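> below are the sequence and a predicted model; questions follow.
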Amino acid sequence: MKHVTFSAESLKKEFNRRVIFDAISFSLHEGESFVIAGRNGSGKSTLVKILCGLLSPTRGSVRVNVEGKEVAPDLLFRYIGLISPHFNMYEEFSGIENLTLFGKIRGLENNIVHDAEELLRQFNIFERRNDEVRTYSSGMKQRLKFAAALLHRPEILVMDEPTSNLDEEGIATVRFVMEQQRQRGILIIATNEKDDLKYADSILNLDEQRPAKSSS
Amino acid sequence: MKSATAKIGLVVWLTLVISAGILFPMVAAPQKWYELPIIPGLEEKARIIFFHVPMAWTTVVAFIASTIYGIRFLMTKNLDYDLRSVSAAGLGTMFCILATVTGSIWAKFNWGSFWNWDPRETSIFVLLLIYGAYFALRSAVDVEEKRATLSAVYSIIAGVTVPFFIFVMPRIMTGLHPGSKGDPQGAGPVVQFKMAPNMLLVFLSSLLGFTLLYFWMFNLKVRASRLEFHSQQPQE
Amino acid sequence: MKDFSAPAIHIFFKDSHSELRTRYAMNALLMFVVTALALVLFSVGNEVVGTDVLSGILWVIIFFSGMSGLSRTFVSEEERGTVVTLQLLSRPTSVLLGKLLFNFVLILSLNVLIAVLYLLMVSRFVILTPSIFWVTIFLGSCSLASSSTIIAAIIAKANTKGTLYPVLSFPIMLPLLLTVMNATRLSTEGAAFSEAFGEFQILVSYTVVVITVSILLFSFVWKD
Amino acid sequence: MLDFLAEHQLYIVMIIVLMIWAGFLVYLFRLDGRISKLEQSVKK
């Protein structure tokens, strides 16, 4: 297992001067899992975007350290896998085309097609790999997102509402992925499902965090 | 511009400049220090230079100020710079309209029609379009931070493309503006002057006076906008 | 450099592949070109029109055709919710370069098509110096692609995407439009190739400046 | 009207000065309006 640390330092985000959250700090090491809990609209997705480096915080910073080396903010994406409702596949391409495309844009060195097929098998969409994504059911799309997020074997896996749109069998696969990730690196889950809480080494509850007053 | 004396001084300065601009007589062979030379073909109309050119100049100052505040916003993400950028752009629009309208009226009597697509007319028209586009863009974005970022980026892009007119214009058309006549180098949007010294003095005093007036107006506008900004309730 | 260009080329392939499959921009662009050309032919009729007006009209057609299709590159990512996907795959500069390449290829093929159709259909439009004409088409496509790409990135984040695009683009593109019109006029007057050097210099420096500034600013637009 | 102005050119300059003056007045009144609005919102 690689040595990975992920730390958020006093993160704050405002939209139109409304504070979404403030003073969020935590630090994670490899083998740990972290749950961000909160109702819809509590700023979970915004926090997830900031943690993945997709959105700049109003204040504070995200630092990632891999094997003792600080990762430059614009290279964060190389170490992160994200599963989120805000992250879609290219619907005019097939499942396997999407995955190989992602591998090529990332510039992966390994055998992309082999790895992609392996993942598609694991997530039980191998039979439909050559069909366009737009013909997939929402559950299948969700499983394809898992495959896409794991293709580059990320040190940090971030899941935003991972179990939505999935049936019993799909949820079992997600649990398996979670366990696997904890053996590979860091796992961050944003959720409002009580069930997910038991996979957490530590929990951040955004409902309690939310400041009542706005700052100016 | 904090102290009252500076403001009163500016008002007196501008009053003197405007009076001089209108009252100094124009004679064929100037003898006294206050006598301006007659420029053939322009006569009394030459006095426009004291009032119209400062408007155009201030427009450019406002445009540059707006772009610089845009850059500073992007560097600091401090919304106060955005507020200054908008204020500069708003004032720039006003000065731009004044320069366009006054120039157009003058053109009617000097060149026979209100609009001639002279290089400088075209350039000021483009500035007007940029200001229009800038405010159209701002009204189309509702998150403050995003609005500030996008409009700053747009003003920088506009800021780097506008100077190309200086190179483009002389290749396409000959200028009508005084200062560009018969002078192939002078057809761009930048004016080159050959003026009698006393006329030049009034002109430069006027430029200075109106520029300072612009900074005063800018200061007032920014202060009002800041108050507005902080008294507003954050939107849900 | 390879760090930026390799992902950019794959993003370009992705866009071209996707475009060939969906024909999203292409059909609209082709229809626009045909309609605009037909309108020009109708309105010109048998009138005798000067070549400088005709070279102006050519670039008016090119500008508005471009306006109807070039903003798609970023707007389509925004609409499909694939912005995050791309953000997670590569650096902003690579995305910008990929999109720039795609827009360039799109507008270059469009411009060549328009130019050929225009030369065939408008019989009074005769090019005496083809070298100037085709170099102008090429350099004009470069500079149009450079400015349209960054404007498209801005537009994709605004609420009224379609109507704002020409409004924002026109003042930015005007210096280059005036230059290409002038160069086209020179080619119809039979000027020597060296006479258009000044125009070419303006086009090249415009492209270089706009691309440099775009690279510096793009991450601000791209990262919300 | 146009003939008169063409003959008395100083009037053209005067029109232009008045125009600029009018522009500044419009600015002043708008600023005034904004500040009044602010005063009311502060009172509330």
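Thanks, I have the structure now. Numbers count the residues shown, from 1 in each chain, chains lettered A, B, ... in the order given.

> hmm, stretch B:53-73 in reach of chain D?
Yes - for stretch B:53-73, a contact with chain D is found by C-beta under 8 Å from any C-beta of the partner chain, at B:M55. Quick note: C-beta positions are derived from backbone N, CA and C, even for glycine.

> can you give the distance of that stretch from its chain's centre?
8 Å (C-alpha atoms, centre = their mean, to the nearest Å).

> next: stretch A:144-163.
5 Å.

> repeat that for stretch A:179-192.
Here stretch A:179-192 is found 9 Å from its chain centre; the criterion is C-alpha atoms, centre = their mean.

> quick one: buried residues of it?
For stretch A:179-192, the neighbour count (16 or more other C-beta atoms under 10 Å in any protein chain shown) marks A:Q181, A:R182, A:R184, A:G185, A:I186, A:L187, A:I188, A:I189, A:A190, A:T191, A:N192 as buried.

> OK, contacts around residue 100?
Here I'm looking at chain A. A:I112, A:V113, A:A116 (C-beta atoms under 8 Å, 6 or more residues apart in numbering or on different chains).

> sorry, I should have been clearer: chain C.
Here C:L100 is in contact with C:A145, C:S146, C:T149, C:I211, C:S214 (C-beta under 8 Å, 6+ apart).

> assess the claim that C:L70 and C:S148 are in contact.
Yes - between C:L70 and C:S148 a contact is recorded at 4.3 Å, counting by C-beta atoms under 8 Å.

> need the residues touching each of these two.
C:N103, C:I107.

> all helices of the chain, in order?
Let's take chain A. Here chain A has its helices, by DSSP state H, at A:44-51, A:95-106, A:112-122, A:138-150, A:168-184, A:206-209.

> should've been chain D
Remark: helices assigned in chain D by DSSP H are D:2-7, D:9-43.

> the last one vs chain B: in contact?
Yes - judged by C-beta under 8 Å from any C-beta, helix D:9-43 comes into contact with chain B through D:9-10, D:12-17, D:19-20, D:23, D:26-27, D:31, D:34-35, D:37-38, D:41-42.

> any bit of that helix sitting next to chain A?
No - Helix D:9-43 lies out of reach of chain A by C-beta under 8 Å from any C-beta, never closer than 14.2 Å.

> how about that helix: buried residues?
For helix D:9-43, burial by neighbour count (16+ other C-beta under 10 Å) applies to D:Q9, D:I12, D:V13, D:I16, D:V17, D:M19, D:I20, D:G23, D:Y27, D:R34, D:L38.

> which of those lies closest to B:M195?
Taking C-beta to C-beta as the measure, B:M195 lies nearest D:V13 of the buried residues of helix D:9-43, at 16.6 Å.

> contacts only, for that closest one.
Residues counted as contacts of D:V13 (C-beta under 8 Å, 6+ apart) are B:G21, B:I22, B:E44, B:K45, B:R47, B:I48, B:F51.

> just name the closest of the contacts of C:L100 to chain A, please.
Within those, proximity to chain A (C-beta to the nearest C-beta) peaks at C:S214, which comes in at 16.3 Å.

> how about the closest one, nearest residue that isn't a chain neighbour?
C:I150 (4.1 Å; C-beta to C-beta, 6 or more residues apart in numbering or on different chains).

> just confirm that neighbour contacts B:I157, I think it does.
Yes - assessed by C-beta under 8 Å, C:I150 is found in contact with B:I157 at 6.1 Å.

> what sits in contact with each of those two?
By C-beta under 8 Å, 6+ apart, C:I150 and B:I157 have these common neighbours: C:V210, C:V213, C:S214, C:L217.

> who wins for neighbours among those residues?
For the shared contacts of C:I150 and B:I157, the largest number of neighbours (other C-beta atoms under 10 Å in any protein chain shown) sits with C:V210, at 26 neighbours.

> now that residue: closest residue in space, sequence neighbours ignored.
Nearest non-adjacent residue to C:V210 (C-beta to C-beta, 6+ apart): C:S146, at 4.3 Å.

> and for that neighbour, the neighbour number?
C:S146 is flanked by 23 other residues according to other C-beta under 10 Å.

> which residues sit in contact with it?
C:L100, C:Y206, C:T207, C:V210, C:I211, C:S214.

> list just the nearest of those to chain B.
Within the contacts of C:S146, proximity to chain B (C-beta to the nearest C-beta) peaks at C:Y206, which comes in at 5.8 Å.

> what about the closest one, distance to C:F138?
14 Å (C-beta to C-beta, to the nearest Å).

> neighbour count winner among these two?
Neighbour count, other C-beta under 10 Å: between C:Y206 and C:F138, C:Y206 has more, with 26 against 14.

> contact residues of chain C facing chain A?
Checking chain C against chain A by C-beta under 8 Å from any C-beta, the hits are C:3, C:6-7, C:10-11, C:14, C:17-18, C:21-22, C:80-82, C:84-85, C:87-92, C:94, C:219, C:223-224.

> over in chain B, which residue gets nearest chain D? Let me know.
Taking C-beta to the nearest C-beta, chain B has B:E44 as its residue nearest chain D, at 3.8 Å.

> please read the previous query as pertaining to chain C.
Counting by C-beta to the nearest C-beta, chain C gets nearest to chain D through C:P171 (22.5 Å).

> gap between that residue and A:V48?
39 Å.

> pLDDT below threshold where in chain C?
Within chain C, the stretches with pLDDT under 70 are C:1-2.

> so what's the residue most central in space within chain A up against?
Centroid-nearest residue in chain A: A:V158, 2.2 Å away (criterion: C-alpha atoms, centre = their mean). Neighbouring residues of A:V158 by C-beta under 8 Å, 6+ apart: A:V48, A:L51, A:C52, A:I80, A:G81, A:L82, A:I83, A:S84, A:I188, A:I189, A:A190.
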